[in-house]
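Colleague: how does the following fold in three dimensions:
(chains A and B)
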2 protein chains.
Amino acid sequence: MNIALDMMGGDFAPEQTVKGIQLYLSESVSPAFLLLLGDEQIINPLLKENNIPPDRVKTIHAPQIIGMHEHPTKALKEKQQSSIAVGFHLLATGKADAFISAGNTGAMLVGSVYSIKTMAGIQRPTISTIIPRENGQTGLLLDVGANADCKPENLNQFALLGALYAQHILGIDNPRVGLINLGEEEGKGNILAQAAYPLLKNNKQINFIGNIEGRDVFLNKADVMVCEGFTGNIILKLAESIYEITKRQNIHNEYFDRFNFEDYGGTPVLGVSKPVIIGHGISHGKAFKNMIALAQKMIESDLMGKMKESFEGN
Amino acid sequence: MNIALDMMGGDFAPEQTVKGIQLYLSESVSPAFLLLLGDEQIINPLLKENNIPPDRVKTIHAPQIIGMHEHPTKALKEKQQSSIAVGFHLLATGKADAFISAGNTGAMLVGSVYSIKTMAGIQRPTISTIIPRENGQTGLLLDVGANADCKPENLNQFALLGALYAQHILGIDNPRVGLINLGEEEGKGNILAQAAYPLLKNNKQINFIGNIEGRDVFLNKADVMVCEGFTGNIILKLAESIYEITKRQNIHNEYFDRFNFEDYGGTPVLGVSKPVIIGHGISHGKAFKNMIALAQKMIESDLMGKMKESFEGN
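Modeller: The predicted structure is shown next:
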């Protein structure tokens, strides 16, 4: 199993990326082999300095960097030697089984769709976030920004993708799917939510429990919470800010500490044919470690195979 | 000045409504005269019991009640003797200068539009919420649910209505207006936000500062935060749930205590020609007191006149 890791993506790369590798290799029982993408003149000395075992990793020279504010499509096209372009090339040619980067999110989404393609039957790939629950468990919210405008069928597909992820990666049996809405009753909502409701209700592949409201997001009501990427992005960033507020307010609380989104690593791109994980720009070592572990779990559980199977009949 | 108050609306009416009247009359320097709408056989004994001075209030018999789950338009038509229908009648005929109810929100919105009409030039009335800030101040978020689907011009109008409310009621000079969006840069967002941005940017009547993200909602970035009612409703209910979580988690914190939305009373319907305030279903005495005080402030500041003026040239 080969996992490709962008060493140059993120605000604290490559130092924290190497820390993540170190943590992963020391904590994992059967670690995957890691392909490290970036400028070898920068990376190799760092690996040595941090005592990364040379037989567990291989540096692949990718001297170009796609900046956080570059135009995704243009940058991917012009910078073929960038760590992100090289990562997708490895993934597309089967030399890597998963690809992780905390770099330019747009380039990661564009690369996912154009280099490795969406799965058959899936209209739009989606990105999600973990939502901490007071009961110690976690919920899954999607889409959180890849799809600002959606059609009803997109939400229906996100629901199934999210349910499969919740089941096979988060270990939630028969996950409850809720539609984020401004009221509980069927018929409530904007045009999109009103049209998505019957699709979700009639979808026999998911356990749809109906509408859930803003107040239910942090409660143990639905395991998978579905909305378009505009609302989802607002919820995610608002939840992230709550953690920052509790820190500033000097609040020490086990539940709110779980709003530290770094703990969850990155978000996988769901609906594409191979595991791609996008990290937060501010990722530190722990986040990189968690992303590598998540990629391994996605490969070992054959999540992609299960998704393909589920969408085959559709 | 006559303020009409629905005595039968809300989960804890009429007992907590009377408590609110008591608080208002004892704390206000120059209280308005209150018209109390409801079943006089229930209300009058309660007023006596709570020592409400008879010269400061007048009961207006309205024996019917519109339930929380009744269909708004149908109920308003069929129950002409309901406290909500009577309230709008008083307002429309000039016998009351403002109307407050914690009853059926839909009926309050429908009544606002059909009994007292929207102001000239305004396409859709809107409802807002106060958002507490860490610096002790408050921001204003709108729309929070009256308009689940919006056109770009609706958001532009909400921005001006919100700015006038922030200036004349919240006392914020030259309030900064932000467009809630999933990214900071111009051009980001769903189709609606992308189209609303240039309208807001070119609106000389407001101080537009650009896009704000979910993480900025609780920060001191924009005083008036504009979005369609779907997203706004999710944010409001999520913020409400944060207060409940802090209570359950036994967190005592001055900032999070301000997430107790009861402290802010109700939300005014902005864009209609007279002051209408909708209370939360769970309103207690303090909320009723605050709503009456808010109605008085809306009348005294001639907020409606200022709104009419601002929209006249449009």
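Colleague: OK, contacts around A:P175?
Modeller: A:L140, A:G162, A:A163, A:A166, A:Q167, A:N207, A:D223, A:V224 (Cβ atoms under 8 Å, 6 or more residues apart in numbering or on different chains). Glycine gets a C-beta too; all of them are placed from N, C-alpha and C.
Colleague: tell me which residues of the worst-scoring helix or strand of chain A on mean pLDDT are tucked away?
Modeller: Here the helix or strand of chain A ranked lowest by mean pLDDT, DSSP states H and E is helix A:254-257, holding a mean of 92. Across helix A:254-257, burial judged by 16 or more other Cβ atoms under 10 Å in any protein chain shown covers A:Y255, A:F256.
Colleague: is any part of it close to chain B?
Modeller: Yes: using Cβ under 8 Å from any Cβ of the partner chain, we find that helix A:254-257 touches chain B at A:Y255, A:F256.
Colleague: now do the helix or strand just after that helix: which elements does it pack against?
Modeller: Where DSSP states H and E defines the elements, the next helix or strand beyond helix A:254-257 is strand A:267-270. Packing partners of strand A:267-270 (3 or more Cβ pairs under 8 Å, 6 or more residues apart in numbering or on different chains; DSSP states H and E): strand A:126-132, helix A:152-168, strand A:276-278.
Colleague: just the C-alpha atoms of the least confident helix or strand of chain A, please, in PDB.
Modeller: Only the C-alpha atoms of helix A:254-257 are listed here, as PDB (Å, rounded to 0.1, in the frame of the first residue of the first chain):
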ATOM      1  CA  GLU A 254     -13.900  18.200  27.200                       C
ATOM      2  CA  TYR A 255     -16.700  18.600  24.700                       C
ATOM      3  CA  PHE A 256     -15.700  22.000  23.300                       C
ATOM      4  CA  ASP A 257     -12.100  20.800  23.100                       C
END
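Colleague: neighbouring contacts of that helix?
Modeller: Residues from elsewhere that reach helix A:254-257 (Cβ under 8 Å, 6+ apart): A:P132, A:E134, A:I242, A:Y243, A:T246, B:I245, B:Q249, B:I251.
Colleague: could you rerun that using 7 Å?
Modeller: A:P132, A:E134, A:I242, A:Y243, A:T246, B:Q249 (Cβ atoms under 7 Å, 6 or more residues apart in numbering or on different chains).
Colleague: separation between the fourth one and A:G10?
Modeller: Meaning A:Y243. 18 Å (Cβ to Cβ, to the nearest Å).
Colleague: more neighbours: which of these two?
Modeller: Between A:Y243 and A:G10, counted using other Cβ atoms under 10 Å in any protein chain shown, A:G10 has the larger neighbour count: 24 against 19.
Colleague: flag every buried residue along stretch A:125-144.
Modeller: Counting neighbours by 16+ other Cβ under 10 Å, stretch A:125-144 gives A:125-133, A:138-144 as buried.
Colleague: scratch that, stretch A:78-89
Modeller: Buried residues in stretch A:78-89, counted by 16+ other Cβ under 10 Å: A:K79, A:S82, A:S83, A:I84, A:A85, A:V86, A:G87, A:F88, A:H89.
Colleague: any idea which of the residues you listed is closest to chain B?
Modeller: A:I84 (19.3 Å; Cβ to the nearest Cβ).
Colleague: so that closest one sits against A:I66, correct?
Modeller: Yes: counting by Cβ atoms under 7 Å, A:I84 touches A:I66, with 5.2 Å between them.
Colleague: how many neighbours does the residue lying closest to A:S28 once chain neighbours are set aside have?
Modeller: Once flanking residues are discounted, A:S28 sits nearest to A:A293: 6.8 Å by Cβ to Cβ, 6 or more residues apart in numbering or on different chains. Around A:A293 there are 19 other residues, counting by other Cβ under 10 Å.
Colleague: so what's A:A293 scoring on pLDDT?
Modeller: Model confidence at A:A293, given as pLDDT, is 96.
Colleague: next up, phi/psi of A:I60, please.
Modeller: In terms of degrees, to the nearest 10, the main-chain angles of A:I60 are phi -120, psi 120.
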